[in-house]
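**Q** Pasting the sequence and the predicted model now:
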Amino acid sequence: MKLSKLVGERLKEVPNGAILKSHIYLIRAGYIKQVSTGIFSMLPPAQRVSEKIQNIIREEMNKIDGQEVLFPVVMPRELWEMSGRYNSIQEELLRFKDRSGHDMLLGMTHEEAAVHMAMNTIKSHEQLPCMIYQIQTKYRDEARPRGGLIRVREFLMKDAYSFHTSQEDLDNYYKKAYDAYNRIYKRIGLKNFISVRSDSGIMGGKVADEFMLVTDAGEDRLVLCDKCGYKANMEVAEGKKEENTLKEVQEIEEVFTGNAKTIEEVCHFLEIDPSNTVKAVCYVTEDDKLVVAFLRGDYDVNEKKLAKLAKSEIKVADTDKFNLVAGNIGCVNLEVPEDAMVFYDTSIMGLENFVTGANKEDYHIRNVSASRDLKDVTFNDIALVKEGDRCPVCGEKLRLTRGIEIGNIFQLGTKYTKSMGMKVSMPDGSMSEPIMGCYGIGIGRALASVVEEKADDKGIVWPMTIAPWHVHFCPLRLDDENVEAVAYELYKKMEDAGIEVLFDDRKVSAGVKLTDSELMGMPIRVVISPKTMANGVAEVTMRENGETNFIPLSDLLSELKIMIADEIEEIEK
RNA sequence: CGAGAUGUAGCGCAGUUGGUAGCGCAUGCGGUUCGGGACCGUGAGGCCGUGGGUUCAAAUCCCGCCAUCUCGACCA
């Protein structure tokens, strides 16, 4: 490819509003162009990377007996009513009408389509297990896209769906998919990725794993133990809290706290530490039942954990509706409706002489004792892990960090086969709903993640396995007839030899060529100039570490081929 | 969806107390340079997001709308 003809431009300046490395460089280096919020076009180099990532994914999916299919982007309302999701999913599902007024939607995921395909074709247990997958555009009407390709509304995704006759069979396959995912990330050149057990939602699945690129740029919070390897998404992470030390129990007394409502205000007013308080956070369930959560003042509610205990989605309650005194709610003599649920976090266990609300305006109470005043309550873990908590497995201090979710796999169970009525005949002649698993990877996000992990202060650094071109060929002084002749000859030879080469055929200064090559990130740069030609060599530089070698022109092709092959082998081994 | 901000040339930005728009980069042409974003000369390129209002006069002041960004909520 000749750079002079490549569609797209290199920019010197940071695009307005871009924060993430991947966002900045992908725009500056001419890989992507924004069309609308969360909607991007891929320019030729990005498309080449995307195709290489797709092919690696295809290979790995095919290795675990996947069969590639293609579901439609547009689906009719009826299909999604079968699973109940036409109504259960809100604005994120983009709905519209066709010319005859029929309700249609844009696919944001394809469980329904997968079951639709399978239920007309898979009839017997003998055809199982079976996995079908596609690589196709998804549309999710995200409320707030961000970070360039990290969180978008329209994106290319590989999604796979497997069908099984038993949980055991699903477990076996799930393990295979898990291994395939690890191989995929390794092969596209990522290093600092992990998998974490995650929340599969109230609606069903039992097991779910998320693959995360560990980076400060991530939007998911992670909890890791460097000693024993415990790792979890913040949503499900457990932490051992520091135990409360026993103290002599004193008599409860009421204290006037006036306008001090929040924990911060109360602590400031009484000159105490938040860890000596117990706060209340109130929620309502889907059917408007009150849920009160008590935690030590220095902890926050993990709403996912609480929702699980309450067996319902929850949202923050309007305390007035339940005659609660916002800011003065306490765990002693709290009056709540019959059907209300009250939960106590384990951080309160053994806590003595603490401050909590008095359940009346302007007052708190002090010297409350868990052992005396909360004798009969059950303690549950409903708090978010915080800095300083210890590993639930080995007791070491946990590390809190962030990650970008680069893929997930989970066991769906029979949610879709049951709701849509897919059954297969079993060995004993009975009919049964297959158990499903599903497995997703966003292609664009994977691409951006590689940039995020590997880019340096000069630009993108592509791994050889997914680089748009292996070699960035920069002849300097193309106005020199000798250089020009040799350059075009070398370019042709490289292409003929099957080396993917981007040829900077522009007659511009050395600085422009070299900085552009670093910005665009090809793994190998080949420079020739009157200087190198006088010695009969080419200057070959690795983008990743800047290592430079001078290679005789006569050996250049064979050396490049070896370097490319070695590099790919190194990444994939 | 809540909070904050921004819309002026392809990109990044300036634009005074209201007086019909400029800078840098990129870009066309001519020339001199040229191994780390060269220089000189000369062009082209703007419905100042959009609709209304105030005014003799609006990029500038007021109101609505739209778009975009950041933080948060949400995220099958």
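**A** Looks like it arrived, so ask away. Numbers count the residues shown, from 1 in each chain, chains lettered A, B, ... in the order given.
**Q** and the stretch 401-550 of chain A, which residues reach RNA strand B?
**A** A:440, A:458, A:476-477, A:479, A:507, A:509-512, A:514-516, A:518-519, A:527-532, A:539 (CB under 7 Å from any atom of the strand). Every C-beta, even on glycine, is put in place using the N, C-alpha and C of the backbone.
**Q** Those, buried ones only, as a ChimeraX selection?
**A** In ChimeraX syntax, the buried subset of these is picked out as below (16 or more other CB atoms under 10 Å):
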select /A:440,476,477,514,516,518,519,527,528,529,532,539
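**Q** Return the subset of the residues of the stretch 401-550 of chain A next to RNA strand B lying in strands.
**A** A:440, A:527, A:528, A:539 (DSSP state E).
**Q** Might one say that the third one is in contact with residue A:475?
**A** Yes. Under the criterion of CB atoms under 8 Å, residue A:528 makes contact with residue A:475 at 5.0 Å.
**Q** Between these two, which contacts overlap?
**A** Any residue near both residue A:528 and residue A:475 by CB atoms under 8 Å, 6 or more residues apart in numbering counts here, and that gives A:483, A:486, A:487, A:490.
**Q** Next secondary structure after the helix or strand containing the second one?
**A** Using DSSP states H and E, the secondary-structure element containing residue A:486 is helix A:481-496. Next in sequence after helix A:481-496, counting helices and strands by DSSP H and E, comes strand A:501-503.
**Q** ok, back up a step: identify the farthest-apart pair in the ones in strands among the residues of the stretch 401-550 of chain A next to RNA strand B.
**A** Greatest spatial distance among those (CB to CB): A:440 and A:528, at 45.1 Å.
**Q** For ChimeraX, what selects the buried ones among the shared contacts of residue A:528 and residue A:475?
**A** Remark: buried members of the shared contacts of residue A:528 and residue A:475, expressed as a ChimeraX selection using 16+ other CB under 10 Å:
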select /A:483,486,487,490
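**Q** and which of the shared contacts of residue A:528 and residue A:475 is nearest RNA strand B?
**A** Here the nearest of those to RNA strand B, counting by CB to the nearest atom of the strand, is residue A:483; it sits at 9.5 Å.
**Q** And the closest one, how far from residue A:476?
**A** 7 Å (CB to CB, to the nearest Å).
**Q** Now for the two: what residues contact both?
**A** Counting by CB under 8 Å, 6+ apart, the residues touching both residue A:483 and residue A:476 are A:528, A:529.
**Q** Can you spell out which residues form a bridge with the nearest residue in space to residue A:535 that is not next to it in sequence?
**A** Residue nearest to residue A:535 in three dimensions, not counting chain neighbours: residue A:550, with 7.2 Å by CB to CB, 6 or more residues apart in numbering. For residue A:550, the beta-bridge partners are residue A:539 (DSSP bridges).
**Q** So what's the residue count around residue A:550?
**A** Using other CB atoms under 10 Å, the number of residues around residue A:550 comes to 12.
**Q** and it, what does it touch?
**A** Per CB under 8 Å, 6+ apart, neighbours of residue A:550: A:532, A:535, A:537, A:538, A:539, A:540.
**Q** The third one and residue A:555 touch, don't they?
**A** Put plainly, it is residue A:537. No. Using CB under 8 Å, residue A:537 is not in contact with residue A:555; the gap is 9.2 Å.
**Q** Between the two, which has more neighbouring residues?
**A** Each of residue A:537 and residue A:555 has its neighbours counted (other CB under 10 Å); residue A:537 has more, 18 against 12.
**Q** any chance of the contacts of residue A:550 in CSV, with distance to residue A:164 and pLDDT too?
**A** CSV is the format used below for those (distance: CB to CB, whole Å; pLDDT from 0 to 100):
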residue, distance to residue A:164, pLDDT
A:532, 60, 97
A:535, 64, 96
A:537, 59, 97
A:538, 55, 98
A:539, 56, 98
A:540, 51, 98
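**Q** hmm, which two among these are most spread apart?
**A** Checking the contacts of residue A:550 with CB to CB, the most distant pair is A:535 and A:540, at 13.4 Å.
**Q** Looking at these two, which is more packed in?
**A** Using other CB under 10 Å, the more surrounded residue of residue A:535 and residue A:540 is residue A:540, with 19 against 11.
**Q** Make sure the more buried one is actually in contact with residue A:524.
**A** Yes. With contact defined as CB under 8 Å, residue A:540 and residue A:524 form a contacting pair (6.4 Å).
**Q** any common contacting residues for these two?
**A** Common neighbours of residue A:540 and residue A:524 (CB under 8 Å, 6+ apart) are A:560, A:563.
**Q** measure residue A:280 to residue A:431 for me?
**A** 50 Å.
**Q** higher neighbour count, these two?
**A** Using other CB under 10 Å, the more surrounded residue of residue A:280 and residue A:431 is residue A:280, with 22 against 9.
**Q** Please tell me I have it right and the more buried one contacts residue A:292.
**A** Yes. Shown here, residue A:280 and residue A:292 form a contact pair, counting by CB under 8 Å, at 5.6 Å.
**Q** any shared contact partners between the two?
**A** A:329, A:334.
**Q** Grab the longest strand from chain A for me.
**A** Longest strand in chain A, counting by DSSP E: strand A:399-413.
**Q** Skipping its backbone neighbours, what lies nearest residue A:103 in space?
**A** Per CB to CB, 6+ apart, closest to residue A:103 is residue A:77, 3.7 Å.
**Q** ok, now residue A:280?
**A** residue A:329 (3.8 Å).
**Q** what sits up against stretch A:235-248?
**A** A:197-199, A:222-223, A:232, A:296, A:299, A:302, A:304-305, A:346-347, A:349-353, A:370, A:381, A:383-386, A:388-392, A:395, A:398.
**Q** ugh, typo on my part, it should be stretch A:175-186
**A** Under CB under 8 Å, 6+ apart, the answer for stretch A:175-186 is A:56-57, A:60-61, A:63-64, A:160, A:162, A:193, A:195, A:209, A:211, A:406-407, A:409, A:437, A:439, A:441, A:446, A:571-572.
**Q** Just the buried ones among those, please.
**A** A:56-57, A:60-61, A:64, A:160, A:162, A:193, A:195, A:209, A:211, A:406-407, A:409, A:437, A:439, A:441, A:446, A:571.
**Q** Can you list the residue ranges for helices in the stretch 201-350 of chain A?
**A** A:263-270, A:303-310 (DSSP state H, counting those that start in this stretch).
**Q** re earlier: if I read this right, the residue nearest to residue A:103 contacts residue A:86, doesn't it?
**A** Yes. Residue A:77 is within contact range of residue A:86, at 5.6 Å (criterion: CB under 8 Å).
**Q** higher neighbour count, those two?
**A** The neighbour count for residue A:77 versus residue A:86, taken as other CB under 10 Å, is higher for residue A:86 (19 against 14).
**Q** SS state for the more buried one?
**A** Three-state assignment for residue A:86 (DSSP: H, G, I helix; E, B strand; the rest coil): helix.
**Q** Relative to the longest strand of chain A, what are the paired strands and their orientations?
**A** When DSSP bridges is applied, strand A:399-413 pairs with strand A:208-214 (antiparallel), strand A:220-224 (antiparallel), strand A:435-442 (antiparallel).
**Q** Centre of the chain to it, how far?
**A** 6 Å (CA atoms, centre = their mean, to the nearest Å).
**Q** need the contact list for the most centrally placed residue in chain A.
**A** Closest to where the C-alpha atoms of chain A average out (CA atoms, centre = their mean) is residue A:405, at 1.2 Å. Applying CB under 8 Å, 6+ apart, we find residue A:405 in contact with A:210, A:211, A:212, A:218, A:220, A:445.
**Q** that older thread, shared neighbours of residue A:77 and residue A:86, anything?
**A** residue A:105.
**Q** returning to that earlier point: nearest to RNA strand B among the contacts of residue A:550?
**A** residue A:532 (4.0 Å).
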